[in-house]
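Peer 1: Coordinates only, no sequence provided:
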Ligand code: BES
Ligand code: MN
Ligand code: ZN
């Protein structure tokens, strides 16, 4: 059950856990001071004993505080409110949740005005968002030793409760879209096959998203030999999902988001080594982000037209699987020599991108893909690699990414990289040379964009195997949903 979060007037609760937010310096605000008096100064004494100075995230608890009916009082530092960013506020919310997540029943966070850089309403809503994201677990498959009980309700007591409620309605749409993406990435591949993924995307129709699913016969008719080649070794049929959210006038060109959805990537005949291969259950992180994004946009009824395209396949070795050296013909008509069956993501995206621009004539296309191990070598796990033919989109995504804590770093495209995928035997090959692996992969994709404004985000490092932080505790981060939702909100609504 997701945590229920609400906003209430600024008042001291009489039951459960009370969390007091204390800014830099460690001084108590009026209501907290009043409670301190009731307890005979227990809170201020504890602050002294602990040498608590209100540093961001620092915290301690007092159990069964005397002269109150509270279970506990938690004191937690906010840091310097004037320097508090939206990302800091969410981190704070995550830490707040962590201090009480194992306690039973309800908790109240007392957030008294503190002249923060964010408005009181935005601060409270961001804190709530952080708590909501932190609360996410992937434990549906645990049947024994599953922790029971725990926090069921978090109430945020703030003067700005009404405003916060309104803002949080929007942020909650982002957080739940992020959780949709996390759930898909965490799900194992015996469950989340291409048809099952398509079924889950179909469920978005209850939010008003129009969903079509193209099967292998339809894709064959369209000439998608590149995408279909990847799924040849699988027992599960490949699928192309087309989602449309129409929140603006029909005449408005749609924005297009395209996701790599390799439900499992063994490498195919160019099989991967077994160590760490289990991570390839997350090779549909791009498709998961696009699905989560559609969920968010529809949930908050975004005033924009958007299409979301998922190329769903499973890359398996088999008697029927495609071989190194095979030459396939893509929907664009361009032929591809498949020199490594493990460079399959680009083969899927080639047809998905071509189809998207041809059918929808979008304002722009942004693809998300766990495309190359090389992007992790270059950028680590905090930044997604961004490749684009549009300086404007690059600037916008960089800005939004920095503001929202889902960062991108621009990487180069160039003629030199483009030449590296030429081959005597076909129009191109699906691998480059030894160096610049992320750039040659991007260059390959660009050949299927038909010069539409386009961005490729390589999220191999950011979508999965994510380092745990204050608002993300499982293997899957849900990276991309928030970044793209905020891009849409800031520039296209
Ligand atoms: N799905 C992988 C990339 C990947 C690796 C994602 C590690 C997340 C973690 C992709 O399909 C792949 O296998 N890429 C190859 C390309 C190579 C064969 C040119 C790679 O990166 O090694
Ligand atoms: Mn691969
Ligand atoms: Zn892959």
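Peer 2: Okay, I see it. Remember, predicted model here, so these are calculated numbers, not experimental data. Ligands and ions are numbered 1, 2, ... in the order given.
Peer 1: Quick check: closest non-adjacent residue to whichever residue of the stretch 51-200 of the chain sits closest to ligand 1.
Peer 2: Residue nearest to ligand 1 within the stretch 51-200 of the chain: residue 185 (11.0 Å; CB to the nearest ligand atom). All C-beta atoms are positioned from the backbone trio N, CA, C, and that covers glycine. The shortest distance from residue 185 to any non-neighbouring residue, by CB to CB, 6 or more residues apart in numbering, is to residue 476 (3.4 Å).
Peer 1: Quick check: the one you found touching residue 285?
Peer 2: Yes: here residue 476 reaches residue 285: they are 7.4 Å apart, a contact under CB atoms under 8 Å.
Peer 1: Quickly note the distance from whatever residue of the stretch 201-350 of the chain ends up closest to ligand 3 to residue 161.
Peer 2: When scored by CB to the ion, the stretch 201-350 of the chain has residue 265 as its residue closest to ligand 3, at 3.7 Å. Distance, residue 265 to residue 161, using CB to CB, to the nearest Å: 47 Å.
Peer 1: now swap in residue 186 and tell me
Peer 2: 33 Å.
Peer 1: Please name the bridge partners of the residue lying closest to residue 388 once chain neighbours are set aside.
Peer 2: Nearest residue to residue 388, sequence neighbours excluded (CB to CB, 6+ apart): residue 455, at 4.2 Å. Residues in a beta bridge with residue 455, per DSSP bridges, are residue 366, residue 388.
Peer 1: so which helix or strand takes in the residue of the stretch 51-200 of the chain closest to ligand 1?
Peer 2: Here residue 185 sits within helix 161-186, counting by DSSP states H and E.
Peer 1: ok so, going back, who touches the residue nearest to residue 388 in this structure?
Peer 2: The contact partners of residue 455, by CB atoms under 8 Å, 6 or more residues apart in numbering, come to 364-367, 386-388, 390, 393-394, 397.
Peer 1: Of the residues you listed, which is the nearest to ligand 2?
Peer 2: residue 367 (15.8 Å).
Peer 1: Show me which residues of the chain are close to ligand 2?
Peer 2: 265, 342, 344 (CB under 5 Å from the ion).
Peer 1: Can you give me the pLDDT of the last one?
Peer 2: I take that to be residue 344. Model confidence at residue 344, given as pLDDT, is 99.
Peer 1: To what extent is it buried, counted in neighbours?
Peer 2: 29 (other CB atoms under 10 Å).
Peer 1: wait, isn't it in contact with residue 311?
Peer 2: No: Residue 344 is beyond contact range of residue 311, at 10.2 Å (criterion: CB under 8 Å).
Peer 1: Check the spacing between residue 266 and residue 361 real quick.
Peer 2: From residue 266 to residue 361 the distance is 36 Å (CB to CB).
Peer 1: let me fix that: residue 241
Peer 2: For residue 241 relative to residue 361 (CB to CB), the value is 19 Å.
Peer 1: who's more crowded, these two?
Peer 2: Between residue 241 and residue 361, counted using other CB under 10 Å, the more crowded position is residue 241 (28 against 12).
Peer 1: Quick one: residues contacting that one.
Peer 2: Per CB under 8 Å, 6+ apart, neighbours of residue 241: 197-198, 201, 211-214, 261, 287, 308-310, 312.
Peer 1: And for residue 325?
Peer 2: 337-339.
Peer 1: sorry, back to before: tell me which of the contacts of residue 241 is nearest to ligand 2?
Peer 2: residue 261 (12.9 Å).
Peer 1: can you count the residues close to the closest residue to ligand 2 within the stretch 51-200 of the chain?
Peer 2: Minimum separation of the stretch 51-200 of the chain from ligand 2 (CB to the ion) falls at residue 189, amounting to 13.6 Å. Number of residues near residue 189 (other CB under 10 Å) recorded here: 21.
Peer 1: ok, it - contacts?
Peer 2: Residues near residue 189 by CB under 8 Å, 6+ apart: 263-264, 280-281, 314.
Peer 1: which residues do residue 476 and residue 285 both contact?
Peer 2: With CB under 8 Å, 6+ apart, residue 476 and residue 285 have common neighbours 181, 185, 463-464.
Peer 1: where does residue 236 land in three-state SS?
Peer 2: coil (DSSP: H, G, I helix; E, B strand; the rest coil).
Peer 1: For it, give me phi and psi.
Peer 2: phi -110, psi 130 (degrees, to the nearest 10).
Peer 1: same check, this time on residue 245
Peer 2: phi -120, psi 120.
Peer 1: Next: residue 430.
Peer 2: Per degrees, to the nearest 10, the backbone of residue 430 is at phi -90, psi 10.
Peer 1: What number of residues are in the vicinity of it?
Peer 2: Using other CB under 10 Å: residue 430 sits among 27 other residues.
Peer 1: Next, work out how far apart it and residue 392 are.
Peer 2: In terms of CB to CB, residue 430 sits 30 Å off from residue 392.
Peer 1: How about residue 418?
Peer 2: From residue 418 to residue 392 the distance is 22 Å (CB to CB).
Peer 1: Report the contact partners of residue 481.
Peer 2: Contact partners of residue 481, counting by CB under 8 Å, 6+ apart, are 174, 177-178, 180-181, 289, 292-293, 296.
Peer 1: Ok, residue 294 next?
Peer 2: By CB under 8 Å, 6+ apart, the neighbours of residue 294 are 177, 201, 204, 209, 243, 245, 257, 306, 308.
Peer 1: Checking my notes, it in a strand, right?
Peer 2: No: applying three-state DSSP, one finds residue 294 to be helix, outside a strand.
Peer 1: Now residue 135. Nearest residue, chain neighbours left out?
Peer 2: Excluding the flanking residues, the one nearest residue 135 by CB to CB, 6+ apart is residue 3, at 4.3 Å.
Peer 1: so that neighbour touches residue 133, yeah?
Peer 2: No: taking CB under 8 Å as the definition, residue 3 is not a contact partner of residue 133, at 10.1 Å.
Peer 1: Looking at those two, which is more packed in?
Peer 2: Just comparing residue 3 and residue 133: by other CB under 10 Å the higher neighbour count belongs to residue 133, 27 against 18.
Peer 1: Thanks a lot, see you next time.
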